[in-house]
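A.B. asks: what would the 3D arrangement of this be:
(one chain, ligands or ions: 2)
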Amino acid sequence: MAPKHEYKPLMGEEISEDSQGHESLHPAKEEKNSERLRRLNIALIILIVLSLALNILQISLYKVLLSHTVQCESTTYRTKYAGLEEGEIDVFWNQKSAYTDPDDEVRDRLWDSLDFDPGVVAVPKAWAVEKGLDEGATFPWDSSKSLYFVNAYHSMHCIKQVYRAFRDYRMGNPPSISNGHVVHCLDQLLADIKCQADDTLRATNVSTPHNSAVYQTHKCRNWDALEEWTQNYPSCYRYGNGTFEDNQPSQLPRFRFCQEGTPELEKARKYFGKGEDWKPIEEKKFSWFD
Ligand SMILES: *[C@@H]1O[C@H](CO)[C@@H](O)[C@H](O)[C@H]1NC(C)=O
Ligand SMILES: *[C@@H]1O[C@H](CO)[C@@H](O)[C@H](O)[C@H]1NC(C)=O
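C.D. replies: Residues are numbered from 1 along each chain as shown. Ligands and ions are numbered 1, 2, ... in the order given. Alright, predicted model coming up:
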């Protein structure tokens, strides 16, 4: 009730600002006038406070809406799981990277050093469900997590196996990778290429007629950022010597390489009946040159 009475005079006063001077000439109306002025002041203060409050509310709402839009925009340009930014970095399209070194030994060692183990990750099951992933195998040292192989690392594993098969062929060695494994890997790499459907146009150049993209840069995701992401979800995994490990009755030993000081390492020690002095992570990594 009260506010209604306070607003009415205000509306009247605003319109009759000029007449105020006349009215103050009549002493009888003086007291009534100062009362009206007092009420006007109160009403004005209420209005200013109200206006400020509305402004603050508006700014806050605007900020919330803005951050929401930015989030929506950024999720459309970020990968689903590791949140990598599409085309984050420009990479020179090196036609002769170190992986083409003409020295067989130097090149072989470089390919051998490609490490895809970090790509086996143990992520919280709840997070995987949220992402709509099919359920993975349970991580042996923490049942709240399940195991996944990041596709790019699986592809790296595959291209490394294919290189190794090619190396065996070049050296006249008996094949260390089975025919079936090589074909599986080529099939998966082909699937990757088709899935990616990378439409980047490789420029031709009359001065390099048999090569394209010679002077070009490539818009790429950031590999280091992916590697960093995998490090948040270590699974203690090492692929090791596939010929040997794949034929073991249990795959658990492949998950023994936990970081010192982690509950996972404690669980692994207990499982394998080992003590504090058992530090699998210090074991040398498998190499073709062993
Ligand atoms: C074509 O190749 C020459 C070098 O042989 C280079 O100077 C030139 O910039 C190239 N052109 C383009 C468009 O990349
Ligand atoms: C890998 O394991 C197989 C089977 O145990 C063995 O014959 C081979 O020598 C190992 N390879 C290397 C490079 O250690």
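
A.B. asks: going forward, measure contacts between C-alpha atoms and count neighbours the same way
C.D. replies: Will do.

A.B. asks: which intervals of this protein have sub-threshold pLDDT?
C.D. replies: 1-32, 45-46, 48-49, 56-57, 59-76 (pLDDT under 70).

A.B. asks: how does it look with 50?
C.D. replies: 1-25, 75 (pLDDT under 50).

A.B. asks: which bits of it sit near ligand 2?
C.D. replies: Residues of the chain that fall close to ligand 2, judged by C-alpha under 6 Å from any ligand atom: 241, 243-244, 288-290.

A.B. asks: contact partners for the closest residue to Ser155 other than its chain neighbours?
C.D. replies: Nearest non-adjacent residue to Ser155, counting by C-alpha to C-alpha, 6 or more residues apart in numbering: Leu189, 6.2 Å away. Each residue near Leu189 by C-alpha atoms under 8 Å, 6 or more residues apart in numbering is listed here: 155, 158-159.

A.B. asks: out of those, who has the most neighbours?
C.D. replies: Using other C-alpha atoms under 10 Å as the neighbour criterion, Cys158 leads the contacts of Leu189 with 22 neighbours.

A.B. asks: tell me the SS of the residue nearest to Ser155?
C.D. replies: What DSSP: H, G, I helix; E, B strand; the rest coil gives for Leu189 is helix.

A.B. asks: ok, now how distant is it from ligand 2?
C.D. replies: Applying C-alpha to the nearest ligand atom, to the nearest Å, the value for Leu189 to ligand 2 is 25 Å.

A.B. asks: number the chain from 56, please
C.D. replies: Yes, from this point I'll number from 56; that puts the last item at Leu244.

A.B. asks: in what helix or strand does the nearest residue to Phe171 once chain neighbours are set aside lie?
C.D. replies: Among residues not flanking Phe171 along the chain, Tyr208 sits closest, at 5.1 Å (C-alpha to C-alpha, 6+ apart). Assigned by DSSP states H and E, Tyr208 belongs to helix 206-226.

A.B. asks: most neighbours out of the residues of the chain next to ligand 2, which is it?
C.D. replies: Busiest of the residues of the chain next to ligand 2 [other C-alpha under 10 Å] is Asn296, holding 14 neighbours.

A.B. asks: that residue reaches Lys340, doesn't it?
C.D. replies: No: taking contacts as C-alpha atoms under 8 Å, Asn296 lies outside contact range of Lys340: 9.3 Å.

A.B. asks: for ligand 2, give me its nearest residue in the protein.
C.D. replies: Across the chain, the shortest distance to ligand 2 (C-alpha to the nearest ligand atom) belongs to Phe299, at 4.1 Å.

A.B. asks: isn't there a helix covering that residue?
C.D. replies: Yes: assessed with three-state DSSP, Phe299 lies in a helix.

A.B. asks: how far away is it from Ser305?
C.D. replies: 12 Å (C-alpha to C-alpha, to the nearest Å).

A.B. asks: try Asp279
C.D. replies: From Asp279 to Ser305 the distance is 32 Å (C-alpha to C-alpha).

A.B. asks: and if you look at Asn277?
C.D. replies: For Asn277, the distance to Ser305 - C-alpha to C-alpha - is 35 Å.

A.B. asks: neighbour count winner among those two?
C.D. replies: Asn277 (16 against 9).

A.B. asks: mind listing what that one touches?
C.D. replies: 139-140, 143-144.

A.B. asks: and stretch 251-263, how far out from the chain middle?
C.D. replies: In terms of C-alpha atoms, centre = their mean, to the nearest Å, the centre of stretch 251-263 is set 29 Å apart from its chain centre.
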